[in-house]
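A.B. asks: give me a 3D structure for the following:
(chains A and B)
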Amino acid sequence: MEVIILYGPYLLFSGCVFGFFMAWGIGANDVANAMGTSVGARALTLSQAILVACIFEFAGAYLAGGEVTSTIRKGIIDPELLADSPDLLVFGMMASLLAAGTWLLIASFKGWPVSTTHSIVGAIVGFAAVGISVDAVSWSKVSSIISSWIVSPLMAGIISFLIFRSVQNLILNTEHPFDNAKKYVPVYMFLVGFVISMVTLLKGLKHVGLSLNFQESLIYSILIGVGISLLGSLFLRRVKNTPQVRGDVVFDGVEKVFAVLMVFTACAMAFAHGSNDVANAVGPLAAIANVIQSGGQVAAQSTMPWWILLLGGVGIVSGLAMLGYRVIETVGRNITELTPSRGFAAELAAATTVVLASGTGLPISTTHTLVGAVLGVGLARGLSAIDLSVVGRIIISWVITLPVGAGLSIIFFFVLKGIFS
Amino acid sequence: MRSTGFTDIIKKSPFGPIQAHMEVSKLSTDELIIFLQAAINSNWEKAAQSRATISDLENQADTLKAETRSLLTKSIFLAVPREDILDLIKLADDIPNTVKDISGLMIGRKMEIPEQIASSFILFAKEAAAITDAAAEAVDYIDDLFQFSFGGNAATKMQQLLQKLDSLENKNDQSEITLRSELFTIERDLPPVNVIFLYDIINKIGELSDRAEQVGHRISLIASR
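C.D. replies: Predicted coordinates for the structure are as follows:
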């Protein structure tokens, strides 16, 4: 208790620095996977992608990032158990931020496909189980998080498979693909607007002064969906068919229509990413801030300080602006095979899955979800070649990240504890 | 900082090098016609030049075959069965190989084509080259076929091309019969060893058109799945 009162402001400040750095890292590295698809498909230029990402990452973090943040803050470990020793909670959360940050730094230098989410969850479980007690961990919550890591890529894969199949049947595999694309693409645009706003509204926007019930949410979401669809149709009107003549065959220039759609799915993807991944940085920080601001009280019921989501949002955006553009460029250059008609299906499926997880407060990996979605398009024969060995590598790194994150956070935890006591 | 390896999942399409390979096959059968004309005119200097070009093309084809195979590692999941693509490149690679065999055999023996069968002979070879052209055209449409999910205009065009391929092959079979009967009527007057080799060359050119036709059929199999 004395530690909190004595060093409170310093601890909070360093927590903010660590949390900000973590968010910065997510912006610099993670966002690229979400945005690179659109840049690779040439639906957005690099600077447009940065702009979209800044706006929608921030909006996602601020409007829909609360649930996952609260899971990280007080879902994995039961704060009630730490009522007598709030300092341990503070040290633990600091250790988790440090551990995940260190591991991510190592992994990005080595080029390993490591997930921020897995690192932070592993770190929190680690310090709590070893540093405090095995019972401090809410194992039921942890197992539901881990199963969501398996379910989310699967779900994204199934959704993207179905979306791309519908594209094949309604548009590509028809006599007049261009006309059909113009007819059906606004429907997909509606879906983008509807799904994202429905999940966000249902989950609640009380912190921005908006309180809606289910019916109101439904009506507003439909309106937003229709609005987006109309806006999209406006853009589509300017898209002219530029048929490609090959030999004596004329092929409709259908990808241009999908490129317009992909602008919308890119926004959705950035929003979804912001809503889920900002929590990895600000969740632990929120826990620290709560304890310190209440002068050492561990109150599970306390409300989330919203300035923290703001800090996370700013962190992501600055990481993106400072370094992320370079990573986006690399990612975009590497996936030119993903044309807009394929890329949008993957993005829409991944964004839907991630936003759903954000709404239910499950911290999942955006990148893994996107991998699942790309595989779904591949299974629908939308991609000519997919390397399954990469999937194996991702699974291995996911399994390794948990013990490494846990181990590092245990070390940092005892170091911090030793320094302050 | 590197990205988290997500992009590695999407690989380059193996069709690119296959298309380049077919383009080389086409060039090589075209060169064969030039070679045969030179042989008919007994212009062995020009034939030797042609033969060098053919050899060179065969090397290029080998490189492209290797490139295709390197894109088809076991862990690759493809939009079309991996075996079909491996078969396709194997069949396609027979074309420049056979062209090289024919030119090698003819130049080694300085084989004369008897004047009486020269026009039928060159027609037969030109038809074989035309079949290769048609097969290469079909291979060229794979990308469009894939982009439009194996349907639409690309599929129609593919069907047309395959019909064209079949009719070319039928015509070529007829020409082979004509050529053989022409050779048969004069074979008594020629040195027997030369006749044996002439039949062998005719066989090999026939093989060429068979291979090109098989490439076309493999493409139709890939397209129809």
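
A.B. asks: what about the strands in the stretch 201-350 of chain A?
C.D. replies: For the stretch 201-350 of chain A, applying DSSP state E, counting those that start in this stretch gives strands covering A:244-246, A:249-251.

A.B. asks: tell me which of these is the most buried.
C.D. replies: strand A:249-251 (a mean of 17; mean count of other CB atoms under 10 Å in any protein chain shown). For glycine as for every other residue, the C-beta is placed from the backbone atoms N, C-alpha and C.

A.B. asks: quick one: strands adjacent to that one?
C.D. replies: Strand A:249-251 sits in its sheet next to strand A:244-246 (antiparallel), going by DSSP bridges.

A.B. asks: still on that earlier bit, output the strands of the stretch 201-350 of chain A as TSV; include the columns mean pLDDT and distance to B:Ala48.
C.D. replies: TSV is the format used below for the strands of the stretch 201-350 of chain A (pLDDT from 0 to 100; distance: least, CB to CB, whole Å):
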stretch	mean pLDDT	distance to B:Ala48
strand A:244-246	74	37
strand A:249-251	75	40
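
A.B. asks: just put the ones you listed in CSV and tack on distance to A:Phe271.
C.D. replies: Formatted as CSV, those follow (distance: least, CB to CB, whole Å):
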stretch, distance to A:Phe271
strand A:244-246, 34
strand A:249-251, 34
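
A.B. asks: A:Leu375: which of the ones you listed is closest?
C.D. replies: Ranking the strands of the stretch 201-350 of chain A by proximity to A:Leu375 (CB to CB) places strand A:249-251 first, at 27.0 Å.

A.B. asks: helix or strand right after the lowest-mean-pLDDT helix or strand in chain B?
C.D. replies: Every helix and strand in chain B was compared by mean pLDDT, DSSP states H and E; the lowest is helix B:142-147, with a mean of 82. Scanning forward in sequence from helix B:142-147 by DSSP states H and E, the next helix or strand is helix B:152-186.

A.B. asks: ok, that following helix near chain A or not?
C.D. replies: Yes: using CB under 8 Å from any CB of the partner chain, helix B:152-186 reaches chain A at B:152-154, B:157.

A.B. asks: secondary structure element holding the spatially most central residue of chain B?
C.D. replies: Among the residues of chain B, the one closest to the centroid is B:Ile95, at 3.7 Å (CA atoms, centre = their mean). For B:Ile95, the host element (DSSP H and E) is helix B:82-109.

A.B. asks: report the buried residues of that helix.
C.D. replies: B:85, B:87-103, B:106-107 (16 or more other CB atoms under 10 Å in any protein chain shown).

A.B. asks: show me what it is packed against.
C.D. replies: In terms of contacts (3 or more CB pairs under 8 Å, 6 or more residues apart in numbering or on different chains; DSSP states H and E), helix B:82-109 is packed against helix B:15-40, helix B:44-70, helix B:115-140, helix B:192-224.

A.B. asks: what angle do the second one and helix B:82-109 make?
C.D. replies: Counting by axes from the mean of the first three to the mean of the last three CA atoms, to 10 degrees, helix B:44-70 lies at 160 degrees to helix B:82-109.

A.B. asks: quick one: average pLDDT of helix B:44-70?
C.D. replies: Averaged over helix B:44-70, pLDDT sits at 93.

A.B. asks: low-scoring stretches of the stretch 151-300 of chain A, by residue?
C.D. replies: Across the stretch 151-300 of chain A, the ranges flagged by pLDDT under 70 are A:204, A:206-209, A:295-300.

A.B. asks: all helices for it, in order.
C.D. replies: Secondary structure of the stretch 151-300 of chain A by DSSP state H, counting those that start in this stretch: the helices cover A:177-203, A:214-237, A:255-293.

A.B. asks: which one of those is the most hemmed in?
C.D. replies: It is helix A:255-293: most buried of these by mean count of other CB under 10 Å, with a mean of 28.

A.B. asks: just the pLDDT at A:Thr303, thanks.
C.D. replies: 63.

A.B. asks: and for B:His21?
C.D. replies: Listed pLDDT for B:His21 reads 94.

A.B. asks: leaving out chain neighbours, which residue sits closest to it?
C.D. replies: B:Leu64 (4.1 Å; CB to CB, 6 or more residues apart in numbering or on different chains).

A.B. asks: contact partners for that neighbour?
C.D. replies: Shown in contact with B:Leu64 (CB atoms under 8 Å, 6 or more residues apart in numbering or on different chains): B:17-18, B:20-21, B:24.

A.B. asks: go on, A:Gly60?
C.D. replies: So, once contact is read as CB under 8 Å, 6+ apart, A:Gly60 ends up touching A:270-276, A:278, A:358.

A.B. asks: dump the residues you listed to CSV, plus distance to A:Ile163.
C.D. replies: Converted to CSV, these look like this (distance: CB to CB, whole Å):
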residue, distance to A:Ile163
A:Ala270, 19
A:Phe271, 18
A:Ala272, 15
A:His273, 19
A:Gly274, 22
A:Ser275, 21
A:Asn276, 20
A:Val278, 26
A:Ser358, 20
